[in-house]
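[1] sequence first, predicted model second:
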Amino acid sequence: MSGADAAGAARAGAGPGAGDGVDAARAAGAEGPQELRRQIAETRSQLGDTVEELAAKTDVKARARARAADLRDRAGALTVQLRSTAAHAGHLAQDKAARAGHTVQDTAGRTGGAVRDTVPGPVKTAATAVVQAGLRHRRPVLIAGAGAVVAAGLLRRRQGGRH
């Protein structure tokens, strides 16, 4: 009953609790005791739902657990995405390296063919003998090659200092 209804009932000589309850039910919009009971049950159910919602909002541990689970799910999805991206990048790099290797191999083949066609016979024979000796005795060839690289580096450094 609202404050205005209670004041009107008090002026009419009917205080709180006066009457048979049916008049109060009709005043509140209920058609009878059964309707009033139904309204009370419905209000209790709504109040219970509201209390549960409020309790859920104040349950910090449950909210923290839910947030942690959400973050774990997002981190897992991000991990899968990053792995996929990394694998894709690896495949792209591998494809580019393979193409570059084929290009170098083709160029070397063409250059070798051109050199082979222009080099005189005795030079070819001597070069073949040197390569075969190098294949038989690899260590001296590696040492000589390393010495040649060092000598070329020193010459280049000296020339770079004059400019």
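    It's in. Computed from a prediction, not measured in an experiment: that's the story for all the values here.
[2] report all helices and strands that the helix or strand hosting Leu71 contacts.
    Per DSSP states H and E, Leu71 falls inside helix 60-118. Using 3 or more CB pairs under 8 Å, 6 or more residues apart in numbering; DSSP states H and E, the elements in contact with helix 60-118 are helix 33-58. C-beta coordinates here come from the backbone N, C-alpha and C atoms, glycine included.
[3] what comes up buried for the helix it packs on?
    Buried residues in helix 33-58, counted by 16 or more other CB atoms under 10 Å: Leu36.
[4] okay, the angle between it and helix 60-118?
    In terms of direction (axes from the mean of the first three to the mean of the last three CA atoms, to 10 degrees), helix 33-58 departs from helix 60-118 by 50 degrees.
[5] who does helix 33-58 touch, helix- and strand-wise?
    Counting contacts by 3+ CB pairs under 8 Å, 6+ apart, helix 33-58 packs against helix 22-27, helix 60-118.
[6] Gly145 is in contact with Gly134, correct?
    No: at 9.1 Å, Gly134 does not count as touching Gly145 under the criterion of CB atoms under 8 Å.
[7] the two: who's more crowded?
    Set Gly134 next to Gly145 and count neighbours by other CB atoms under 10 Å: Gly134 wins out with 14 against 11.
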